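**Student:** Could you look at this predicted model? Sequence included:
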Amino acid sequence: MSKLLDQLHAVTGPGGVLAGEAMAGYGPGPWDGGRPVQAMAVVQPATPAQVAAVVAACHAARQPLVVHGGRTGLVHGTDSRAGEVVLSLARLRRIEAVDAVGRTLTAEAGVTLQTAQEAAESAGLLLPLDMGSRGSATLGGVAATNAGGNRVLRYGMARMLVLGLEAVLADGTVVSALNRMLKNNAGFDLKHVFIGSEGTLGVITRLVMRLQARPQSRQTALVALHDFAGMTALLNRVDAGLGGTLSAFEALWQSYYRYVTGPGAGRTPPLAGDYPYYVLLEAEGGEAGSDARRFEDVLAQAAEAGLIADAVITRSDRERDALWALRDDVMRLTLLRPLFLFDVSAPLVAMEAYVDAVRGALMARWPEAHCYTFGHLADGNLHLAVSAGDPAGADRAEVERLVYGPLQAIGGSVSAEHGIGLEKKPYLALCRSPAELALMRTLKSTLDPHGLLNPGKVI
């Protein structure tokens, strides 16, 4: 191992390899609970070429690698062990080009999502991929996990926004497919092999992201609703009435709304907490005056139809930010003890019954349990924060069984946008067929026959 570390030092230069006590400066990720990283070393290449050389050296030594981006994932997809090498892409921070004509951004994998968004904005464009962890999550990480976020309804998952990428295979081979065109049907689209593979099939080093015209207007509102049927009816009404400009439709169950506006939250509730459901909706358009009138008209018509019980429409960026802070206040959930976080998807027609069944099962088992529910309703994505049982014992497995178990019968998924990692691996068969799992294993064994990339994750 000392020989390998010497090789990695030679590749990455001063400060490129942290080992022993030096790893103490490589702090935990935001969801690691303060636990220091476990690894033989942390390697931090500064260029894509150095990444390829590091991977090749580890392949020759049969050394397992765990890739780190911003480490904002929630499924233990970047966990490492004492004998493994962590490959951090944090130093790959170069934005190579912003093409305002072709509306693309080319960047290295360690660029944070927020930095990329700001670069696009400086060019008068929009990188629509967005989530609460934008300041830490990296482009390579969001592609490797096929991240979703707040605007999937209009712009799609990360997969829809990556035009091309460059990846390093397990043996150090570089596959550069930095396509910049919307249409390129020349053979297999190899980027999809790596997008969503969570670092198990290759290491993404560079990306071409698709940009959009920057919206000239933005309308945001928080509405309260009497029932779930009204929420789905409202989605259909506003989506049609706004002519394709609806970009977000975020549902907050009463439990979550009360938690993020209750005592200790440090904010005044924008609406009373007596309603069973709330929706934060946003539209982005091209002309502020007419867009605002249309937005208000659509909401007024929905209120007249009995779909909306109460509403508040923002009049400034400050008010808009305050509403989004409610939805994005996930870190407040970390105050709960115990805490289990879930990210699932379910068909809209089955969603209400699914949530009620899960909450009922949890309460039947633990009468003091809490289940805080919110999510990107329009794309079927639910987040459940469960506080029940003992997280250190067998209760965790029982909580997971109660949350994941009903999904198979309704055609849902154990992971809407967070990925599988280690945490959801035992439940993957609930939403993937034996043939699908077999093909995943075939891809893994073909591209990484020695099982060196992110070992033990996903499958």
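**Tutor:** Good, I have the coordinates.

**Student:** Contact partners for residue 451?
**Tutor:** Residues near residue 451 by C-beta atoms under 8 Å, 6 or more residues apart in numbering: 64, 444. The C-beta positions use only the backbone N, C-alpha and C, and glycine is treated the same way.

**Student:** actually residue 257, not the one I typed
**Tutor:** 269, 273, 278, 326.

**Student:** Please repeat the previous calculation with a cut-off of 7 Å.
**Tutor:** Taking C-beta atoms under 7 Å, 6 or more residues apart in numbering, we find residue 257 in contact with 273, 278.

**Student:** tell me the secondary structure for it?
**Tutor:** helix (DSSP: H, G, I helix; E, B strand; the rest coil).

**Student:** How about residue 438?
**Tutor:** Going by three-state DSSP: residue 438 is helix.

**Student:** what about it, neighbour count?
**Tutor:** 12 (other C-beta atoms under 10 Å).

**Student:** Okay, it and residue 415: tell me how far apart.
**Tutor:** 19 Å (C-beta to C-beta, to the nearest Å).

**Student:** what about the chain, any weak spots by pLDDT?
**Tutor:** Applying pLDDT under 70 to the chain flags residues 391.

**Student:** show me where the stretch 1-150 of the chain has strands.
**Tutor:** With strands called from DSSP state E, counting those that start in this stretch, the stretch 1-150 of the chain shows them at 17-19, 41-43, 65-68, 85-88, 95-99, 104-108, 125-126.

**Student:** by contact count, what packs against the shortest one?
**Tutor:** With contacts defined as 3 or more C-beta pairs under 7 Å, 6 or more residues apart in numbering; DSSP states H and E, the secondary structure elements packing on strand 125-126 are strand 212-213.

**Student:** tell me which strands and helices the strand it packs on is in contact with?
**Tutor:** strand 125-126.

**Student:** Partner strands of the strand it packs on, with direction?
**Tutor:** strand 212-213 (antiparallel) (DSSP bridges).

**Student:** Give the next helix or strand downstream of the strand it pairs with.
**Tutor:** Using DSSP states H and E, the helix or strand that follows strand 212-213 towards the C-terminus is strand 217-225.

**Student:** Can you dump the C-alpha atoms of whichever helix or strand comes after that following strand in CSV for me?
**Tutor:** Next along the chain after strand 217-225, taking DSSP H and E as the criterion, comes helix 228-241. This file holds the C-alpha atoms of helix 228-241, laid out as CSV (Å, rounded to 0.1, in the frame of the first residue of the first chain):
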residue,chain,number,x,y,z
PHE,A,228,-56.0,15.5,-1.4
ALA,A,229,-58.4,15.3,-4.3
GLY,A,230,-58.5,19.0,-4.5
MET,A,231,-54.7,19.1,-4.6
THR,A,232,-54.5,16.8,-7.7
ALA,A,233,-57.4,18.7,-9.3
LEU,A,234,-55.5,22.0,-8.7
LEU,A,235,-52.4,20.5,-10.3
ASN,A,236,-54.2,19.7,-13.5
ARG,A,237,-56.0,23.1,-13.5
VAL,A,238,-53.0,25.3,-13.0
ASP,A,239,-50.8,23.3,-15.4
ALA,A,240,-53.3,23.7,-18.2
GLY,A,241,-54.2,27.3,-17.3
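
**Student:** what residues does helix 228-241 touch?
**Tutor:** Here helix 228-241 has contacts from 225, 246, 249, 251, 277, 279, 281, 298, 302, 307-308, 348, 352, 377-378, using C-beta under 7 Å, 6+ apart.

**Student:** and if we set it to 6 Å?
**Tutor:** Outside helix 228-241, the residues that touch it by C-beta atoms under 6 Å, 6 or more residues apart in numbering are 225, 246, 249, 277, 298, 302, 307, 348, 352, 378.

**Student:** of those residues, buried ones?
**Tutor:** 225, 246, 249, 277, 298, 302, 307, 352, 378 (16 or more other C-beta atoms under 10 Å).

**Student:** Secondary structure for the residues you listed - can I get that in a markdown table?
**Tutor:** Listed next are those as a markdown table, based on three-state DSSP:
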| residue | secondary structure |
| --- | --- |
| 225 | strand |
| 246 | strand |
| 249 | strand |
| 277 | strand |
| 298 | helix |
| 302 | helix |
| 307 | coil |
| 352 | helix |
| 378 | helix |
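
**Student:** Go through these and name the one nearest residue 344.
**Tutor:** residue 352 (14.0 Å; C-beta to C-beta).

**Student:** For the closest one, give its distance to residue 83.
**Tutor:** 47 Å.

**Student:** on that earlier part again, out of the contacts of helix 228-241, the closest to residue 68 would be?
**Tutor:** Nearest member of the contacts of helix 228-241 to residue 68, counting by C-beta to C-beta, is residue 378, at 31.6 Å.

**Student:** The closest one contacts residue 153, correct?
**Tutor:** Yes. Residue 378 is within contact range of residue 153, at 4.2 Å (criterion: C-beta atoms under 6 Å).

**Student:** and the closest residue to residue 214 other than its chain neighbours, how many neighbours?
**Tutor:** Using C-beta to C-beta, 6 or more residues apart in numbering and skipping residues adjacent in sequence, the residue nearest residue 214 is residue 126, 4.5 Å away. When neighbours are counted by other C-beta under 10 Å, residue 126 registers 19.

**Student:** Check residue 175 too.
**Tutor:** 16.

**Student:** what about it, which helix or strand?
**Tutor:** Short version, using DSSP H and E: residue 175 is in strand 174-177.

**Student:** how far does that strand sit from the chain's center?
**Tutor:** Computed by C-alpha atoms, centre = their mean, to the nearest Å, the separation of strand 174-177 from the middle of its chain amounts to 24 Å.

**Student:** how distant is the following helix or strand past it from the center of its chain?
**Tutor:** Remark: after strand 174-177, the chain's next helix or strand is helix 191-194, criterion DSSP H and E. Using C-alpha atoms, centre = their mean, the mean C-alpha position of helix 191-194 is found 17 Å from that of the whole chain.

**Student:** now do stretch 313-331
**Tutor:** Distance, centroid of stretch 313-331 to centroid of chain: 19 Å (C-alpha atoms, centre = their mean).

**Student:** Likewise for stretch 309-324?
**Tutor:** That offset, for stretch 309-324, works out to 24 Å (C-alpha atoms, centre = their mean).

**Student:** And it, end to end?
**Tutor:** 20 Å (C-alpha to C-alpha, to the nearest Å).

**Student:** So for it, what gets flagged as buried?
**Tutor:** So, applying 16+ other C-beta under 10 Å, buried residues of stretch 309-324: 309, 311, 313, 314, 320, 322, 323, 324.

**Student:** now stretch 358-378
**Tutor:** Buried-residue list, stretch 358-378, by 16+ other C-beta under 10 Å: 358-359, 361-362, 366, 369-378.
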